[in-house]
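Trainee: what follows is a predicted protein model with its sequence.
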Amino acid sequence: MTSSPAFSPAPPRSRRGRLLPVAALALAAAAASAGAERVPVLVAERGTAAVLPDPASERTVALPLAVGERASAVAGGADRWYVAGLRAEESGERIVVFAGGGAETRRLPALREAPSRFLGSPLPVAAADRLAGVAWIEGGERAQAVRFAAWDGEVWGAAETVSPPGPGSQLAPAAAVLDDGTPLLVWSAFDGADDEILWSARTAEGWSEPRRLAEDDRVPDVTPAVAAVPGGALAAWSRYDEGEYRLWTAAFRDGRWEPARRAGEPGSLFPTFVAGGERPRILYRTADPAGWAVLELDGAGRALRWAGAAGRAPERPVVVYEGVETLLAWPGTGRSGVPLVWREVP
């Protein structure tokens, strides 16, 4: 499963704060696994938040947020889901985690230790039926670490360092739990020259050494997404490719990533995996024409067919299915769903 973050409407930046050449897009929370099961969506507004367990329904479950709390990401399945967020305190910010199912939600115990300082919001690392833990970015403006705390069903483990501070920023973590129960994290990190996608998996011996997911290409690679698929995982991200950001994918099998491949058109941005169909699908923003598109992949990450809707709202939609139709929908907005027309990828 993936974890769906509530992204802020800001374009990616380099380690030195230079604005990278990609349009600013307002992103709402919505991501899911590559499987066919229904998955939850986080509907977050200032001071309130709710979970939409099934995107095909408008029924939401309100989160019991206290004053000063905000939700950031949801993961899991329609019957059992998990939300991570932050609570502002005088001494700093604390991670809060909720577990939900049906119409019920409960607050999980507090983590054993408080992170020193946040740069990014936490995200639950979960499969459809269980929570493996929570991950977050911790540190100051120039030195961030990727951290994780495991959940055993009753208590939190001690905080673990997935990736220590490096030569620059570490941003935009995404998570999946493989079908053998292995937690997998991917994120974007500045290596001293440009942003690369890094990854690590948690084994019985702890987190593997962070490595590049793809070759060192000397161009920015940003905003990754990851999803478990039978026998492994798929990752997607946007790479600065011939003057434009473009969607790339890679498959994880037998403990390693296969060579990355170009999967999207110029201006394909901010991918997230979505549920539905027998094959993995990615929802992403298109720049020209401005809109949203869904890309269907095979198990190796090769693009098979796509469908898009131009000129639609900047908020990220959800993908719903009505019989044989695939629609883009914006729950809670009153907008009607947009049927997608599929086209084969040349």
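Mentor: Great, that's in hand.

Trainee: and the contacts of stretch 324-332?
Mentor: 41, 43, 52, 55, 58, 60, 276-277, 292, 294, 307, 309, 312-313, 315, 317-321, 335, 337-340, 342 (CB atoms under 8 Å, 6 or more residues apart in numbering). (C-beta placed from N, C-alpha, C; glycine too.)

Trainee: filter the residues you listed down to the buried ones, ChimeraX style.
Mentor: Those of these that count as buried under 16 or more other CB atoms under 10 Å are selected in ChimeraX with:
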select :41,43,52,55,60,276,292,294,307,309,312,315,317,318,319,320,337,338,340
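
Trainee: taking the contacts of stretch 324-332 one by one, which sit in strands?
Mentor: Here DSSP state E is the test, and these give 41, 43, 52, 292, 294, 307, 309, 318-321, 338-339 as lying in strands.

Trainee: ok, which pair from the residues you listed is furthest apart?
Mentor: The distance between the two most remote of these (CB to CB) is 24.0 Å, for 43 and 307.

Trainee: please identify the helix or strand for residue 209.
Mentor: In this structure, residue 209 sits in neither a helix nor a strand according to DSSP states H and E.

Trainee: mind listing what it touches?
Mentor: So residue 209 contacts residue 200 (CB under 8 Å, 6+ apart).

Trainee: residue 133 reaches residue 157, doesn't it?
Mentor: Yes - between residue 133 and residue 157 there is a contact at 7.5 Å, judged by CB atoms under 8 Å.

Trainee: what do the two both touch?
Mentor: By CB under 8 Å, 6+ apart, the residues touching both residue 133 and residue 157 are 149, 150, 151.

Trainee: how about CSV for the ones in strands among the contacts of stretch 324-332, with distance to residue 101 and pLDDT added?
Mentor: Putting the ones in strands among the contacts of stretch 324-332 into CSV (distance: CB to CB, whole Å; pLDDT from 0 to 100) gives the following:
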residue, distance to residue 101, pLDDT
41, 15, 86
43, 17, 84
52, 14, 86
292, 30, 94
294, 28, 95
307, 32, 94
309, 32, 88
318, 20, 86
319, 22, 88
320, 21, 85
321, 22, 82
338, 30, 88
339, 31, 90
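
Trainee: now, which of those residues sits nearest residue 124?
Mentor: Closest to residue 124, out of all of those and judged by CB to CB, is residue 41, at 13.8 Å.

Trainee: next one, pLDDT for residue 185 please.
Mentor: Looking at residue 185, its pLDDT stands at 98.

Trainee: for it, give me its contacts.
Mentor: Contacts for residue 185 were tallied using CB under 8 Å, 6+ apart; they are 125, 135, 146, 148, 162, 173, 174, 175, 199, 200, 201, 226.
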